[in-house]
Structures are given as structure tokens and as C-alpha cells.
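In: With the input below, show me the fold.
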Amino acid sequence: MIVIPRSIFKKIVDYSNSELPIEACGYLAGTGLAVKQFYPMKNADNSDEHFSFDPEEQFAVLDKSNQEGLELIAVFHSHPSTPARMSKEDIKLAQDPDIFYVIYSVKDGELRAFKVDENKGITETIIEYPERPI
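Out: Prediction:
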């Protein structure tokens with residue numbers, strides 16, 4: 001399970017819509033399984049089918065999250081016109097079995113989270129949306 005406050009879910013939705021027609025992307029950071037911060041990032045590929053992080057921006061976000069006492073919990077990206085599922089490319093590019101891969105489908109308005117193991121096996125994870133701040 002991963003815990004994503006409704007306020008951060010709203011930020012994900014708003015950012016995903018603002019980046020249309022390309023995929024939005026970023027990091028979710030927090031403590032344990034609880035997300036406390038959303039770091040929207042530029043899609044360096046500027047594509048509606050895939051994304052990549054700019055390495056300089058990626059390291060700046062990593063540094064900022066560390067300074068804030070947070071750890072990276074998930075890689076986030078949107079699917080502008082397809083369901084919130086791990087695509088073949090998403091699976092291929094998933095390199096860290098310790099973090100979540102969170103996908104928002106703009107088309108369906110659905111947010112889903114996954115883990116990808118070392119053998120590229122996928123497990124969907126429950127997302128909990130607390131009403132109160134965590």
C-alpha cells in the first residue's frame with residue numbers, strides 16, 4: 001500500500017492536465033509509505049508516449065527531498081490517452097524494485113500504483129487516500 005493525500009492527488013491531476021498533450025512526470029517523496037511531497041518535473045522527451053527526466057533536474061529534486069528529510073517513494077507519470085497501466089516501455093525502464101511506479105490516466109481520471117520486481121514482474125498496490133494530513 002502507498003498513502004497519497006487527496007491534496008497531492010489533486011496536484012497530480014492538475015499537473016497532468018497542464019502538461020497535455022505530453023506525459024507529465026515527477027517524483028513522490030515522503031516517509032515510509034506516506035507521500036508528503038509531489039515534485040513535478042519536465043518531461044525531457046516532450047512526448048505523449050514516454051518520458052524521461054532531465055538528469056540535472058533529477059539530481060536537484062533528489063537533493064531537495066533529502067534536505068527536507070524525505071525519501072523518494074515513487075516515480076510518477078501520466079498517460080494522456082491510455083489507461084493507468086504499466087506499458088511495455090514502462091516495465092522495461094523500471095529499474096528500482098524498492099519504489100512505486102504511479103500512473104495517472106488523464107483519459108480515465110484514474111490513479112494506480114505498481115511495484116516492478118527484478119524479474120520485471122508487476123504487482124499492483126492499493127492507494128489509500130486519507131482525508132486528514134498525514
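
In: The most centrally placed residue in the chain - nearest residue in space that isn't next to it in sequence?
Out: Closest to where the C-alpha atoms of the chain average out (Cα atoms, centre = their mean) is F76, at 1.3 Å. For F76, the nearest residue in space outside its immediate sequence neighbours is V102; the separation is 4.6 Å by Cβ to Cβ, 6 or more residues apart in numbering. For the C-beta atoms, the positions are set from N, CA and C on the backbone; glycine is no exception.

In: What of F53?
Out: Using Cβ to Cβ, 6+ apart, the nearest residue to F53 is M41, at 5.7 Å.

In: which residues touch the one you found?
Out: Neighbour list for M41: C25, G26, Y27, F53, D54, E57, Q58, V61 [criterion: Cβ atoms under 8 Å, 6 or more residues apart in numbering].

In: Dihedrals phi and psi, it?
Out: Main-chain dihedrals, M41, degrees, to the nearest 10: phi -130, psi 160.

In: Show me what it is bridged to.
Out: Partner residues in beta bridges with M41: C25, with DSSP bridges as the criterion.

In: Pairing partners for the helix or strand where S78 lies, with directions?
Out: Under DSSP states H and E, the secondary-structure element containing S78 is strand 71-79. For strand 71-79, sheet partners with direction are given as strand 25-31 (antiparallel), strand 100-105 (parallel), following DSSP bridges.
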